[in-house]
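S.K.: Turn this into a model:
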Amino acid sequence: MPSGVFSMLPFNFFSPLAGINREHYTALIVLYYRLFQENPRGLERELVVREFMNYLVLHRDNLAEETDDSLVDDTPVPLADETKNSVTERHPFDERQLASRFLRRLINAGWLDEETLADFTRVINITAWGKPFMKALADVDGGLKTEYESHVVTVYSLLCGDTIKNDGHHAVLIAHEEARSLIDSLKVLSQSIKGYYDKLNAEAVRSRAASVLHEHYDLYAGEVLDKAYKRLKTSDNVSRYRQSIFKQIAKLLRDNKWLDTSADKYSLMLAKSREECREKLKFMLEEIRDDLRSVDPLENEIDRRNAAYSRASTEIIRAYIEPDNTVAGKIGLIIKAIYNGNDRLRSGISHGIYRFGFLSPSSLSLRRQRDDGNFKTVTSQADINALEQNEKEFLERMRKRLSIKKIFAWLDEQGGNDQILVPSELINDEDTYIRFVYALLYGDSRNNFGYTVEEDDTSAKFVKAFDYVVPDVRFRKETSKSSNKIMTEEKYESGS
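M.R.: Residues are numbered from 1 along each chain as shown. Have a look, this model is predicted:
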């Protein structure tokens, strides 16, 4: 008994895309899908056949004859003539008959369906399982364009607009899907750079300068830099809307009335208990928050990969244009100068490290004593003492550093396990003010801090605590995150 995807798809669903005319079947599927999008109702069979005919006439010389019986309508397939290459060379070209045969095979494979209306009009409909595959083919055919800005704007509109009040479950579901799509798009962009990097190295191994230039300036620059990377780096929607989304998520997670109402509506859709739906809504809200926090590390990885690709590509291109200026080229010149004893060539190679014209034991920064023909290093005691002192100062600075673990422990000491902490209770001198600033920074930028920074929309934006004016915020301990998720100290750090 088939299960999963093929319990719904026909057994020969992918056969048109795996045959000898797969390119033409794909083009006809995309052609039908675009007609489907332009028409509010089903497409009449006559219209579909006519559009298929127009396509087949243009590509008649590239059509190969098929011998699969499943493609046949009511007309037998002509026998193959081994001396002919295309279907139009083997028998007279009847574009209408051929268009009907291509349409019939798409219907038999389950991509399309035919319906006869009450007035005997024959209509070609799209199948429910064929629609997502058609959309994917149309997207690839039209050129993949990844949108980053729209995902964040959609999440902001759904969670911070009026929809969240009355249809919270729908808003959270769609916002969660948009946040996942944003992360997936960034991952695809990051991973696609590696593919271009591998192709670049392959072309360099084959010593094809023109191909390297084509890979860099035509393919990579056009597909990655212009279409994706530049739009990602010039967009400020993530930073503009992210903090507002974080505040709204924190507010929704505290609103028990909203959670109960949305869970009731969600339970009708899922046919599950209210408690299960309530927990699922909270999980999706927390995952949206975590996804948006992971955007910055992904962008940093994309920057790193793009810089690595650009450096490698530039070095390869320079190796073809100016071979003597690359690292490999300079090593080659050194070898030639030593091997041939060419003083003129040797004088043109300047290492720029020392002021000496050559290297010898006397050129080293440390004095050496000769003993039985062996050189022995004599290390200065002053250098050892200076190194030990620098190490002590470094360890002392690390011990005093207000790390995320220390700030988390400080908030716990102030009563964070039992109550919500406010600035007036936390700040009583300069030291606690500095700790408050660190807690505010860790709460806004770290996913593993353990405390959530919340703002009270009904109160003033700033309050006075001790002698300082600070943001009016609340620190609430996240009960869902245990203390073992707090970042551990480095092995050389000690103290409280």
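
S.K.: Dig out what Val469 forms beta bridges with.
M.R.: Beta-bridge partners recorded for Val469 (DSSP bridges): Lys464.

S.K.: That one touches Phe462, doesn't it?
M.R.: Yes. When contacts are counted by Cβ atoms under 8 Å, Val469 is listed as touching Phe462 (5.3 Å). (Glycine included, C-beta is placed from N, CA and C.)

S.K.: of these two, who's got more company?
M.R.: Phe462 (13 against 10; other Cβ atoms under 10 Å).

S.K.: Who are the contact partners of that one?
M.R.: Counting by Cβ atoms under 8 Å, 6 or more residues apart in numbering, Phe462 touches 469-472.

S.K.: For it, give me the pLDDT.
M.R.: Note on Phe462: pLDDT of 85.

S.K.: same question, the one 4 residues further on
M.R.: Phe466 is assigned a predicted lDDT (pLDDT) of 86.

S.K.: What of the one 10 residues further on?
M.R.: Per-residue confidence for Arg476 comes out at a pLDDT of 89.

S.K.: State whether it is indeed within a strand.
M.R.: Yes. Per DSSP: H, G, I helix; E, B strand; the rest coil, Arg476 lies within a strand segment.

S.K.: Quick check: it vs Val152, distance?
M.R.: Applying Cβ to Cβ, to the nearest Å, the value for Arg476 to Val152 is 25 Å.

S.K.: Show me which of those two is the more surrounded one.
M.R.: Legend: neighbour count by other Cβ under 10 Å for Arg476 and Val152, higher for Val152 (24 against 18).

S.K.: Quick check: which element contains that one?
M.R.: Val152 belongs to helix 149-160 when elements are defined using DSSP states H and E.

S.K.: now that helix: mean pLDDT?
M.R.: Mean pLDDT, helix 149-160: 84.

S.K.: got it, and stretch 254-272?
M.R.: Here the average pLDDT along stretch 254-272 is 89.

S.K.: begin at 546 from here
M.R.: Happy to do that; since the first residue is 546 now, the last one works out to stretch 799-817.

S.K.: CA atoms only for it - export them in CSV, please.
M.R.: Extracted in CSV, the C-alpha atoms of stretch 799-817 (Å, rounded to 0.1, in the frame of the first residue of the first chain):
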residue,chain,number,x,y,z
ARG,A,799,2.2,37.2,28.8
ASP,A,800,-1.4,37.8,27.6
ASN,A,801,-3.2,34.7,29.0
LYS,A,802,-6.6,35.9,27.7
TRP,A,803,-5.3,36.2,24.1
LEU,A,804,-3.6,32.9,24.4
ASP,A,805,-6.8,31.2,25.5
THR,A,806,-9.0,32.8,22.9
SER,A,807,-6.5,32.0,20.1
ALA,A,808,-6.0,28.5,21.3
ASP,A,809,-9.7,27.9,21.3
LYS,A,810,-10.0,28.9,17.6
TYR,A,811,-6.8,27.0,16.8
SER,A,812,-8.2,23.8,18.4
LEU,A,813,-11.2,23.9,16.1
MET,A,814,-8.8,23.9,13.1
LEU,A,815,-6.5,21.2,14.4
ALA,A,816,-9.1,19.1,16.3
LYS,A,817,-6.8,19.1,19.4
